[in-house]
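[1] quick one: sequence and predicted model below, then my questions.
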Amino acid sequence: MKKSENEKPGLTNEEEVRQKKIGARLKRMYDEVVEEDIPDDFLSLLESIDNAKDEHNND
C-alpha cells in the first residue's frame, strides 16, 4: 500500500497521529507565548541596552 504525501516513511498510523497531536499542542503553546505581554522589567532592560549602544556609537 502506498503512503500519502503527508505520511512520513517508517511511521505507523498511530505514530503519525501522535506526532500530529504533539505538533498541534506545541503550536498552541507557542501561539500563547507569543501573545503574552513582555514584562516591564525586561522592557526596561532592553531600553537601557539600546541607550548604552546609542551612547557608545556617539563617541
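    Cool, the structure landed. Computed from a predicted structure; not experimentally measured.

[2] count of residues packed around E16?
    E16: 15 surrounding residues under other C-beta atoms under 10 Å. In this view, the C-beta of every residue, glycine as well, is placed from N, C-alpha and C.

[3] cool, the one 5 residues further on as well?
    The local packing count at K21 equals 10, with neighbours defined by other C-beta under 10 Å.

[4] now swap in K53 and tell me
    K53, neighbours per other C-beta under 10 Å, totals 10.

[5] next one, pLDDT for it please.
    Listed pLDDT for K53 reads 88.

[6] need the longest helix for the chain.
    helix 13-35 (DSSP state H).

[7] now for it, which elements pack on it?
    Here helix 13-35 touches no other helix or strand, going by 3 or more C-beta pairs under 8 Å, 6 or more residues apart in numbering; DSSP states H and E.

[8] show me which positions of the helix or strand following it end up buried.
    Sequence-wise, the next helix or strand downstream of helix 13-35 (DSSP states H and E) is helix 40-58. Of the residues in helix 40-58, none is buried under the neighbour-count criterion (16 or more other C-beta atoms under 10 Å).

[9] where does the prediction get shaky in this structure?
    Counting by pLDDT under 70, the chain contains low-confidence ranges at 1-8.

[10] one more time with 80
    1-9, 59 (pLDDT under 80).

[11] against A24, how distant is the spatially most central residue of the chain?
    Centroid check for the chain by C-alpha atoms, centre = their mean gives Y30 as the closest residue, at 4.9 Å. Going from Y30 to A24 by C-beta to C-beta, to the nearest Å gives 11 Å.

[12] same check, this time on D31
    The value you get for D31 to A24, if C-beta to C-beta is used, is 11 Å.

[13] that'll do, ta.
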